[in-house]
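**Student:** Fold the following for me, if possible:
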Amino acid sequence: MATHRFVERDDGSLVVTATAPLPPYPERLTAHLTRYAAEAPDRPFLVRRGQDGAFEPLTYGAALQAVERIAATLLTRNLSAERPVMILSGNGFEHALLSLAALHAGIAVAPVSPAYSTVSQDHARLRAIVELLTPGLVFAAEGAVYAPAIAAAVPAGTEVVIADGAEIGRPVTRFDDLLRGEDSAAVAAAHGAVEPGTVAKLLFTSGSTGVPKAVVNTHRMLASNQAMLQARFPALTAEPPVMVDWLPWHHTFGGNHNFNLVLANGGTLYIDEGRPTPGGIRETVRVLREVAPTLYLTVPKGFEALVPHLRDDEALRKNFFSRLQVTFFAAAGLPQPVWDAIDDLARQTIGRTVPMVTGLGATETAPLALVTDDRPAKAGQVGLPAPGVELKVAPVGTKREARVRGPNVTPGYWRRPDLTASAFDEEGFYRLGDALVPVDSNDPYRGFTFDGRLNEDFKLTTGVWVSVGPLRAAFLDAFQPLVRDVAIAGEARDEVAALVFPDLAACRALCGETGGDEAVLAHPAVRQEFARRLAAFAQKATGSSNRIARLLLMAEPPALDRDEVTDKGSINQRGVLRNRSEAVERLYAAPHAPDIITPETA
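**Tutor:** Numbering: from 1, shown residues only. Next up, the predicted model:
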């Protein structure tokens, strides 16, 4: 039986739907918590690392009790979608319980990137978010850490809840005080009034192509998306999943896809305090030595950071693969060498590969919309629509844009009817902004490959279009492990060039330089290796649209404050080029500056 239907239309568009129906799902997301608190009250739901280094579990039974008490307190605060709960801090028990309590009582919750509070110097984004949301309650785990941001952005009359009870120079409520609520009848009534269309979350887009917008996420969106995942991965309902995850809950991948996947299937989530950085990966490795996940779902940089440790640490490798049923990545393209390395390590360890699944989605789609099947895939493939999702591939200029419709799709952007209107086409399909091409034009069931973001592509002066997404992915593959990211330049120019953000640790290892970062990037061995790879990359080019003529190594990494990087770590192409316009001009100046690298660089 065919897995999907393909309908070609007279207007040149293609509509694709899954033949399998969408399984039933609850009207309220927290119905899953109620279910597993009754069926498995002593099963760990969330696990964190305690101060003594031991794991501390929060069971389903204890979680529901806390959620109902917090919900009772929240119901006395006149909170709603108009006055939501706003969460400033990162993943943790208090974050989870407060969020679930708000959802349980029909109150919207708005988690925002901690970086807007802790990394930003001017708190401009945070102030704009507060003005848009008008929160009725603001939560932060650590008072001292978040005090400057709260002082800068949160109005004096807004209630602030602090988990650690620290003084911040204004009245605060202790998180423990939220747990004193006792009004089961009010909570039951509020929970019963929650409808599929009730606003569950206001999630901010990551800003990879613009200033963050508040995306309305309803209970229908979140609950239906988990049913789509269960349809794609039936094993989820057969055995409670065990996950180790660092992905932030203010982002749709960590907070909707992964967190809700554990909740919807009665699983256990180990909160990983690590990060895919040279220093942060150590904690991830520490957890994975102790916990064998049944599935591992992360962004490409998570796999990139983990692979060297899996390669060098046999005990880690054996534990990691011992129960692993599937791996999944999203949010950016996974370099093919990293994918191949994971497959090779799995073969060495358990004698077979573990299915590597990926897909396509957005904050606006809760997030899963397209997903690959069990057949071996390659980097860039995004699969076909999940059950319940209609995909329309519509011609836009010389490309074909992915547009989706279904119960997992947002009704729009909070308090921005103008953005909402422009986000949907005349048939109500949400415009993803991603271009797709078939994997195999002779076999539509192979699905689609990502063909770049429509608003990142540009024309050279010759009129030739440059497809940035595929070119960027190919460049990163060719320059592994020396490069962390790249911005592609060349709009209204004769040739394509690149601003390259190097992996300084890899470059330092290449040349043995012990001095500063600038000395590493200026070292002849580093420059010659980049020139050699640039020449090899140019030899494979089929024309000016995928040939990079020269590059410049950037010592300063992309900055969140300047809209150069998103909170999930992916680069904002246009933000980098805008902020570093002087560097772009140097790429095209004649004669070339000494630090410009070309294939001829000696």
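**Student:** and the nearest residue to residue 356 once chain neighbours are set aside, what element?
**Tutor:** What sits nearest to residue 356 in space, not counting adjacent residues and going by Cβ to Cβ, 6 or more residues apart in numbering, is residue 327, at 5.0 Å. To be clear about C-beta, it is placed using only N, CA and C from the backbone, and glycine gets the same treatment. Mapping residue 327 onto the secondary structure by DSSP states H and E places it in strand 326-329.
**Student:** Show me what the mean pLDDT comes to for the helix or strand following that strand.
**Tutor:** Using DSSP H and E, the helix or strand that directly follows strand 326-329 along the chain is helix 336-350. When pLDDT is averaged over helix 336-350, the result is 94.
**Student:** neighbours of residue 319, just the number please.
**Tutor:** Neighbouring residues of residue 319 were enumerated by other Cβ atoms under 10 Å; the total is 18.
**Student:** for it, what are its contacts?
**Tutor:** Contacts for residue 319 (Cβ atoms under 8 Å, 6 or more residues apart in numbering) come out as 288-292.
**Student:** what are the pairing partners of the strand holding residue 327, and which direction each?
**Tutor:** Applying DSSP bridges to the sheet, strand 326-329 is found paired with strand 295-298 (parallel), strand 356-361 (parallel).
**Student:** distance between the shortest one and the chain's centre?
**Tutor:** Using Cα atoms, centre = their mean, to the nearest Å, the distance from the centre of strand 295-298 to the centre of the chain it belongs to is 12 Å.
**Student:** List the residues that contact residue 111.
**Tutor:** Taking Cβ under 8 Å, 6+ apart, we find residue 111 in contact with 86-87, 95, 99, 201, 203, 249-250, 255.
**Student:** how near is the residue found closest to residue 467 once you drop the neighbours it is linked to in the chain to residue 400?
**Tutor:** Once flanking residues are discounted, residue 467 sits nearest to residue 452: 4.5 Å by Cβ to Cβ, 6+ apart. Using Cβ to Cβ, to the nearest Å, residue 452 is found at 11 Å from residue 400.
**Student:** what's across from the residue nearest to residue 356 in the sheet?
**Tutor:** In this structure, residue 327 has the following beta-bridge partners (DSSP bridges): residue 296, residue 356.
**Student:** Surely it and residue 353 touch.
**Tutor:** No. Contact criterion Cβ atoms under 8 Å: residue 327 and residue 353 do not qualify, at 9.5 Å.
**Student:** In terms of neighbours, single out the busier of the two.
**Tutor:** A side-by-side neighbour count of residue 327 and residue 353, using other Cβ under 10 Å, places residue 327 first with 23 against 14.
**Student:** Now residue 571: closest residue in space that isn't a chain neighbour?
**Tutor:** The shortest distance from residue 571 to any residue other than its chain neighbours is 4.7 Å, reached at residue 485 (Cβ to Cβ, 6+ apart).
**Student:** can you give me phi and psi for that neighbour?
**Tutor:** Its backbone dihedrals place residue 485 at phi -160, psi 170, with angles given as degrees, to the nearest 10.
**Student:** check contacts around it.
**Tutor:** Remark: with contacts taken as Cβ under 8 Å, 6+ apart, residue 485 is in contact with 476, 500-501, 558, 571.
**Student:** For the residue nearest to residue 372 when sequence neighbours are not counted, give its distance to residue 174.
**Tutor:** On the basis of Cβ to Cβ, 6+ apart, the spatially nearest residue to residue 372 that is not a chain neighbour turns out to be residue 383, at 3.6 Å. Per Cβ to Cβ, residue 383 is found 47 Å from residue 174.
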